[in-house]
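Novice: Predicted model and sequence follow; I will ask about them next.
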Amino acid sequence: MRNFIALLLFITASVHFPVKAQPVVSSVDKKAQEIANASVAAMGGRDNYNNTRYISWLFFGSRFHVWDKFTGDIRIEYDKGNVLLMNIHTKKGRVWEQGKELKDEKMLAEKMNWGYEVWINDSYWVVMPFKLHDDGVNLAYTRQDKSLDGQDVDVLTMTFNDVGVTPDNKYEVFFDKQTHLIKEFAFYPTVNTNKPRFRLPWANWQQYGTIKLADNRGKSGMTPISVFDELPQTIFTSPQAAKDNQGEIIKGALIK
């Protein structure tokens, strides 16, 4: 299990997943559009996702995130007590490492860039199913297939038009024909790569508020995921720990 997680952290440290930037022409064939629409509806729908404000998760037991989707404020706790607080739109924020605030402007700018790219990567492992309709995302129906556990699935290929940090990436996304939820995804470093770098389950779908999310990616995952309507603003201003030993936000979190 340790080697498995180390491999994924290596992959995700070097591969930054795409996010919506500016409007870019997308290509989606009719069947792919129907499958993507059905999947988003099964997860609660676009409006419910847009209206979900706060999401927290623990990325492969390594990095704890809290994300305010309305403002773009994020919190990342990492490496046994280090804390990064920033806004993903302004790319401005503060960092504490080993209990001391980072004041050097060059080092702080580098850490802001690191935090932004880490957020891009780690959030994609949680909310990718809601990003099927992002600008610049191409979806093509590829085939019918069997999932790793032998269920019937439809497979869409996802590519990108000049969006994100690595637009050459490619994914295959496997949709359960019965539930319409994503069962697996496979990652290819480039559109011309023939064999996936990995193929992992997208499993353990649960209801969080008005939407469904899945935390299982095989031997580890995003657990625990939490969704909140309200959180104290100090989540995004205080260096005091917000994560408890189980990866949950500390009850009554933070904050004095």
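Specialist: Yep, that arrived.
Novice: from here on, contacts and neighbour counts on C-alpha atoms
Specialist: Noted.
Novice: all helices for the stretch 51-200 of the chain, in order.
Specialist: For the stretch 51-200 of the chain, the helices defined by DSSP state H, counting those that start in this stretch cover 105-127.
Novice: all strands of it, in order?
Specialist: With DSSP state E, counting those that start in this stretch as the criterion, the stretch 51-200 of the chain has strands at 54-59, 63-68, 73-78, 82-87, 92-97, 100-101, 137-146, 152-160, 170-176, 182-188, 198-201.
Novice: and of the ones you listed, who's closest to residue 212?
Specialist: Taking CA to CA, strand 182-188 is the member of these nearest to residue 212, at 11.1 Å.
Novice: Can you read off the pLDDT for the closest residue to residue 108 other than its chain neighbours?
Specialist: Using CA to CA, 6 or more residues apart in numbering and skipping the chain neighbours, the partner closest in space to residue 108 is residue 102 (6.3 Å). On pLDDT, residue 102 comes in at 96.
Novice: What about residue 102, how many residues nearby?
Specialist: By other CA atoms under 10 Å, 16 other residues sit near residue 102.
Novice: Also residue 194?
Specialist: Neighbour count of residue 194, defined by other CA under 10 Å: 9.
Novice: Correct me if wrong: residue 138 contacts residue 160.
Specialist: Yes. Counting by CA atoms under 8 Å, residue 138 does reach residue 160; the two are 5.7 Å apart.
Novice: For beta bridges, what are the partners of the closest residue to residue 143 other than its chain neighbours?
Specialist: Counting by CA to CA, 6+ apart, the nearest residue to residue 143 once its immediate chain neighbours are dropped is residue 155, at 5.4 Å. Counting by DSSP bridges, residue 155 forms beta bridges with residue 143, residue 174.
Novice: State the distance from residue 155 to residue 189.
Specialist: Distance, residue 155 to residue 189, using CA to CA, to the nearest Å: 18 Å.
Novice: higher neighbour count, those two?
Specialist: Each of residue 155 and residue 189 has its neighbours counted (other CA under 10 Å); residue 155 has more, 26 against 18.
Novice: these two touch, right, the residue nearest to residue 108 and residue 93?
Specialist: No. Counting by CA under 8 Å, residue 102 stays clear of residue 93, with 10.5 Å between them.
Novice: quick one: common contacting residues for the two?
Specialist: Contact criterion CA atoms under 8 Å, 6 or more residues apart in numbering; residues shared by residue 102 and residue 93: none found.
Novice: Poorly predicted segments of this protein, please.
Specialist: 1-27, 162-167, 252-256 (pLDDT under 70).
Novice: rerun at 50
Specialist: Low-confidence segments of the chain (pLDDT under 50): 1-7, 9-25, 255-256.
Novice: who touches residue 126 in this structure?
Specialist: 213, 214, 215, 222.
Novice: would you turn those residues into JSON lines with distance to residue 71, neighbour count and secondary structure?
Specialist: Shown next, in JSON lines, are these (distance: CA to CA, whole Å; neighbours: other CA atoms under 10 Å; DSSP: H, G, I helix; E, B strand; the rest coil):
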{"residue": "213", "distance to residue 71": "21", "neighbour count": "24", "secondary structure": "strand"}
{"residue": "214", "distance to residue 71": "24", "neighbour count": "25", "secondary structure": "strand"}
{"residue": "215", "distance to residue 71": "24", "neighbour count": "23", "secondary structure": "strand"}
{"residue": "222", "distance to residue 71": "22", "neighbour count": "23", "secondary structure": "coil"}
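Novice: I'd like the distance between the closest residue to residue 48 other than its chain neighbours and residue 147.
Specialist: In this structure, residue 48 finds its nearest non-sequential neighbour in residue 210, 6.0 Å apart by CA to CA, 6+ apart. Separation of residue 210 from residue 147 (CA to CA) stands at 27 Å.
Novice: more neighbours, these two?
Specialist: Between residue 210 and residue 147, residue 147 has the larger neighbour count (other CA under 10 Å), namely 18 against 14.
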